[in-house]
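Trainee: Predicted model follows, preceded by the sequence.
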Amino acid sequence: MKFEHASTVPAPRATVWRFLMDVPRVARCVPGVESIEALGDDRYRGLLRVSVGPIRLALAGEVAVTLQDEAAGIAGMRATAADKGAGGAVSADLRIEVRDGAAPGTSELRITTDAQVMGRIGEFGQPIIKRKADQTMSEFAANLARAVAGTGAA
């Protein structure tokens, strides 16, 4: 499944970029993230609790930063996680783009996710998974805007 999400962030591009590349900090903006710890070499382990349809999931997994090109404003991340209780797993490649926004002092953020959903989690079907992804990304964008504004950037 492929998802594309875009939002405007009320902060300059350089500020947004620095914030996004601080994985433990940006993880606190993702709804449901309970823990995140650095493993070294741009790799992190964490736990995400999320409800999809009637099922609550505890996805334990890893995130690795695979690309950081600040000049181009492009980053890549690979996430893998599984829920042993629900018998499912998720694997996702994310492409993150940060551009100067249309208004001064703003940035445009675009996140493209190519996800594979396996096991019982995949049985929900694409419409339900897409709706949850859209909701999560909307909450993430709002949390990111608040967090970046809290850095004195906006």
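Mentor: Nice, I can see it.

Trainee: D83 - nearest residue in space that isn't next to it in sequence?
Mentor: Of all residues not flanking D83 in the chain, L57 sits nearest, at 4.5 Å (Cβ to Cβ, 6 or more residues apart in numbering). No exception for glycine: its C-beta is placed from N, CA and C like everyone else's.

Trainee: Burial check on that neighbour, number of neighbours?
Mentor: Neighbour count of L57, defined by other Cβ atoms under 10 Å: 20.

Trainee: That one reaches S51, doesn't it?
Mentor: Yes. Using Cβ atoms under 8 Å, L57 makes contact with S51 at a distance of 7.2 Å.

Trainee: What segments of the protein are helices?
Mentor: 13-20, 23-27, 126-149 (DSSP state H).

Trainee: Read off the pLDDT value for G152.
Mentor: pLDDT recorded at G152 is 45.

Trainee: Ignore what I typed, I meant R49.
Mentor: 94.

Trainee: And the closest residue to it other than its chain neighbours, how far from P127?
Mentor: Leaving out its chain neighbours, the residue that sits closest to R49 by Cβ to Cβ, 6+ apart is G32, at 4.8 Å. Going from G32 to P127 by Cβ to Cβ, to the nearest Å gives 20 Å.

Trainee: Settle it for me: which of the two has more neighbours?
Mentor: G32 (15 against 8).

Trainee: for the protein, longest strand please?
Mentor: strand 55-69 (DSSP state E).

Trainee: Show me what it is packed against.
Mentor: helix 23-27, strand 43-52, strand 74-83, strand 88-100 (3 or more Cβ pairs under 8 Å, 6 or more residues apart in numbering; DSSP states H and E).

Trainee: these two touch, right, L48 and E34?
Mentor: Yes. If you go by Cβ under 8 Å, L48 and E34 touch, sitting 7.0 Å apart.

Trainee: Can you give me the pLDDT of the residue nearest the centre of the chain?
Mentor: With distances taken as Cα atoms, centre = their mean, V30 lies nearest the centre of the chain, 6.4 Å away. pLDDT for V30: 95.
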